[in-house]
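[1] With the sequence up front, the predicted model follows.
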Amino acid sequence: MGKKNLGNATAVSSILKSNGVFVEVNGSVRRITLDNFMNSINTDDEQLLRQIAWGVPINQGVSSPEWGVVGNTGMWNEYKSMVGRYLVTNDGKAAKLSSVNSGIFADGTTLDETKGHVMVIAPRLYYTVKRDAATNVDYLWMSMLPIGGHFIGDADGGDYICVGAYKASLVGTALTSRSGVKPQGAKTITQFWNAAQVNGKNWGLVNYDHRRYMMMLCLSQYGNPNVQAKVGYGVAGSSSVDIWATAQNLLTGATKSLGDANGKINITVTNGDIKGVDCSRVNLNGFEDAWGWQWEMIQGAYFGNSANTAQNGNEFYIYEGNRMPSDAELATHPTGKYRQIVRRTVSSDTSGYIEKMTLGEYFDLISTKAGGGSNSYWCDYEYINNTGQLLLWGGRATGGSYCGLGCVYSRNAFSYSSANYGSRLAYYGPLTFMDGKELMATV
């Protein structure tokens, strides 16, 4: 092969992250992918991070949750503009809904939700957690570009996050994400996952990464984890009263008029003489009622059980892949690629507000210390023991101010079900984007 003058090579206006660029290393020309190049230059340069990323100082050492946002907030606004609701068909065709009215497509075409599922789609989000040596405070940095840490995308390393805009419901035997219906409850997490799979092999449930992602959205917008104070309390309201008997009959889609925006729609919820306080339907970048209505079962993670000989009950396992763990895995550890952290150590049923989270390089939202209240530290509540393995998130309509994006329940067996335990659909496959008119013509 003859020598090529790089100065005469064909010019391009864009490249993929997998494409290579040439660099000089110790006097020799070498090739590196753009992805690895960006990771390399961004790993330890805080000044560069501030230019290409936005960050939140997770100041767990003080009670005030007003942490603030630093860095390139313009990039956050650009990223936020690309997060929103789509109609996604079972085979992965996706068309954007109006950003201000989820009842129609963005191109004005009439929406027929029976042709697919209303999902929130977002681009891959890169993040890294770095500790400031002077203050000993962890900073969560986020960007659309590789910044030397990790990213949240689909289970197979894809470029998009795709999660149900609404709580999951059943149409026949298939799990759906649609408006105007009651959320499904009274099923085990495995039954929910099997119902998601009726749509196709790429369908599953909301996972641990997705719930961390929702917290990242909240922190990016408000610099504060208290989503109830910033957006709204949700169906549960601000007071812990038993309004579930009425709340369970509410229908999805109450926030269609909010589209992709953050906000709330105030509602009245009563159960006989009991009346909820500050009740609302809430929306976070297109995710409706992600807290304070019905607990959501989370796939991709589970806890240890002290009754198992191979576990002590304080383990938290996070595994890869769109699947359910086997009984053998639940008794020991996941097969394949997984990681393991430790939850707060307890010997019996314990509850309390969360003062400190694990964080670490993966920004793990598993508590290590209880304390505080509804407006201090993480502002959310945790229910925990050393035998429960099922991961529930968000709180239910009796929780009041206990609920939120960091609210976790882990007291139940993996096979447990309840009317107020539901889930949320997720898609883990490739997406094909088109406008609403084109999508409606193909289904």
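    Alright, I've got the coordinates.
[2] quick one: least confident helix or strand in the chain?
    helix 34-42 (a mean of 59; mean pLDDT, DSSP states H and E).
[3] just for the stretch 201-350 of the chain, where's the confidence low?
    For the stretch 201-350 of the chain, no stretch is flagged by pLDDT under 70.
[4] For it, which segments count as strands?
    Assigned by DSSP state E, counting those that start in this stretch, the stretch 201-350 of the chain shows strands spanning 203-205, 263-266, 270-271, 274-275, 280-284, 287-288, 295-297, 301-303, 315-319, 338-342, 350-359.
[5] so which of the ones you listed gets nearest Ile32?
    Comparing the strands of the stretch 201-350 of the chain against Ile32 with C-beta to C-beta, the closest turns out to be strand 338-342 (26.9 Å). Just so you know, the C-beta spots here come from the backbone N, C-alpha and C atoms, and that holds for glycine as well.
[6] what sits up against that closest one?
    Applying C-beta atoms under 8 Å, 6 or more residues apart in numbering, the external contacts of strand 338-342 come out as 314-320, 333, 358, 360, 362, 364, 366, 368.
[7] Among those, which pair sits farthest apart?
    Greatest spatial distance in those: Glu320 and Thr368, 23.7 Å, computed using C-beta to C-beta.
[8] now the end-to-end length of stretch 356-375.
    The straight-line separation of the ends of stretch 356-375 (C-alpha to C-alpha, to the nearest Å) is 14 Å.
[9] about what we covered before: dump the strands of the stretch 201-350 of the chain to a markdown table, plus distance to Ile243.
    Formatted as a markdown table, those follow (distance: least, C-beta to C-beta, whole Å):
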| stretch | distance to Ile243 |
| --- | --- |
| strand 203-205 | 26 |
| strand 263-266 | 15 |
| strand 270-271 | 5 |
| strand 274-275 | 6 |
| strand 280-284 | 13 |
| strand 287-288 | 18 |
| strand 295-297 | 15 |
| strand 301-303 | 29 |
| strand 315-319 | 31 |
| strand 338-342 | 35 |
| strand 350-359 | 20 |
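[10] can you redo those strands as CSV with distance to Asp107 and mean neighbour count?
    Converted to CSV, the strands of the stretch 201-350 of the chain look like this (distance: least, C-beta to C-beta, whole Å; neighbours: other C-beta atoms under 10 Å):
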stretch, distance to Asp107, mean neighbour count
strand 203-205, 26, 25
strand 263-266, 24, 14
strand 270-271, 41, 14
strand 274-275, 43, 14
strand 280-284, 22, 25
strand 287-288, 23, 28
strand 295-297, 32, 28
strand 301-303, 38, 25
strand 315-319, 39, 21
strand 338-342, 42, 14
strand 350-359, 42, 19
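[11] do you know which of the ones you listed lies nearest Asp327?
    Nearest of these (C-beta to C-beta): strand 301-303, 11.7 Å.
[12] ok so, going back, which of the residues in the very next helix or strand once past the least confident helix or strand of the chain are buried?
    Per DSSP states H and E, helix 34-42 leads on to helix 46-52 as the next helix or strand towards the C-terminus. Neighbour counts over helix 46-52 (16 or more other C-beta atoms under 10 Å) mark 49, 52 as buried.
[13] who's in contact with helix 46-52?
    Contacts for helix 46-52 (C-beta under 8 Å, 6+ apart): 41-42, 55, 70-72, 75, 128, 130, 141, 143, 145, 147.
[14] tell me the mean pLDDT over it?
    Regarding helix 46-52, the rounded mean pLDDT is 85.
[15] What segments of the stretch 1-150 of the chain are strands?
    Here the stretch 1-150 of the chain has its strands, by DSSP E, counting those that start in this stretch, at 20-25, 28-33, 54-58, 70-71, 84-88, 93-96, 117-123, 125-132, 137-143, 150-152.
[16] The third one versus strand 137-143: what angle between them?
    For the pair strand 54-58 and strand 137-143, the angle between their directions (axes from the mean of the first three to the mean of the last three C-alpha atoms, to 10 degrees) equals 160 degrees.
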